[in-house]
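Asker: predicted structure and sequence below. I'll ask about it afterward.
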Amino acid sequence: MTDTTAVITEKRGQAFWITINRPEKRNALNGDVIAGITKGYRDAHDDKDVRVIVLTGVGDKAFCAGADLQNSGAAFAMDHSRPNVDYADLLRLSQNATKPAIARVGGVCMAGGMGLLCMTDMAVAADHVIFGLPEVKVGVFPMQVLSLLQEIAPRRLVNEWALTGEPFDAKAAQAAGLLNYVVPAAELDAKVDWLIGRIVDKSPTAIRRGKYAMRAIAAMSFDESIAYTESQIALLAMTEDAKEGLKAFSEKRKPVWTGR
């Protein structure tokens, strides 16, 4: 386990847990939190034994309440000599990740926290959780969050959430496609563990190359996408995992993945 105060990272079996550790601030984002999550993603990818990332927040009050507005000057300060900001770089990093990530949402998820939710591949939330994009209430807008959110949720709902700033519940979030599962709080960890189990017994090579391909074709036309993917399946079939998977299937046994 690594505890940097703002973010705790811990390897649990083949899962790498990244936990925002600012419960007194409702796990609000600041520079240390963004840096800690970024480092966690990189550490997870550097460890060949890690198969999945879990992103969560300490306690049952908040997953992440967005930027820390107690110091509003710092929350929205920018170095205008830089063409990018750290939060945006974290979102970029997450989208180029080749290991799957699960958001474990145990408490309120607002503003920049919605971006953290959207940057993962799957999400499980407790049924009491409230979501929202309240930025317009303080004179700003969920600019960077929209880069991911608009690819997940229906445009009409995104418009309502962003323009009114009003919150919505876990049932609405699931209906909009933001969540895979909504469960009672007492069952949250069990459901996350169940989902982890459904990932780690699959081919790491197939998942790695599959995530890479999904990212690549997202902005392609159909003709571009089909040309790209027909070559990718040919390459994937040449890997050790693909050969092992087909051999195990014919021999009616469980495959032994090497990740190669």
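Answerer: Nice, thanks for sending it over. None of the values given here were measured: they were computed from a predicted structure. Numbers count the residues shown, from 1 in each chain.

Asker: tell me where the stretch 101-250 of the chain has helices.
Answerer: 112-118, 143-149, 155-164, 170-175, 188-200, 204-217, 222-236, 240-250 (DSSP state H, counting those that start in this stretch).

Asker: hey, which of the ones you listed is tucked in deepest?
Answerer: Sort these by mean neighbour count, taking mean count of other CB atoms under 10 Å, and helix 112-118 sits at the top with a mean of 27. For every residue, glycine as well, the C-beta is placed using N, CA and C.

Asker: could you say what helices and strands that helix packs with?
Answerer: The elements that helix 112-118 packs onto, with contact taken as 3 or more CB pairs under 8 Å, 6 or more residues apart in numbering; DSSP states H and E, are strand 62-64, helix 86-95, strand 101-105, strand 130-132, helix 143-149.

Asker: which residues sit against that helix?
Answerer: Here helix 112-118 makes contact (CB atoms under 8 Å, 6 or more residues apart in numbering) with 27, 29, 37, 55, 62-67, 87, 91, 103, 105, 109, 123, 131-133, 142, 144-145, 148-149, 152, 178.

Asker: hmm, back to that, indicate which one of the helices of the stretch 101-250 of the chain is closest to residue 45.
Answerer: Comparing the helices of the stretch 101-250 of the chain by their distance to residue 45 (CB to CB), the top pick is helix 204-217, with 9.8 Å.

Asker: who touches the closest one?
Answerer: When contacts are defined by CB under 8 Å, 6+ apart, helix 204-217 is touched by residues 51, 95-100, 121, 199, 224-225, 228-229, 232, 235-236, 239-242, 245, 257, 259-260.

Asker: out of the helices and strands packed on helix 112-118, flag the one nearest residue 185.
Answerer: Across the helices and strands packed on helix 112-118, residue 185 has its closest neighbour in strand 101-105 (10.6 Å, CB to CB).

Asker: for that closest one, give the mean pLDDT please.
Answerer: Here the mean pLDDT over strand 101-105 is 98, rounded to a whole number.

Asker: can you list the strands that it pairs with?
Answerer: Strand 101-105 has its sheet partners listed here by DSSP bridges as strand 52-57 (parallel), strand 122-126 (parallel).
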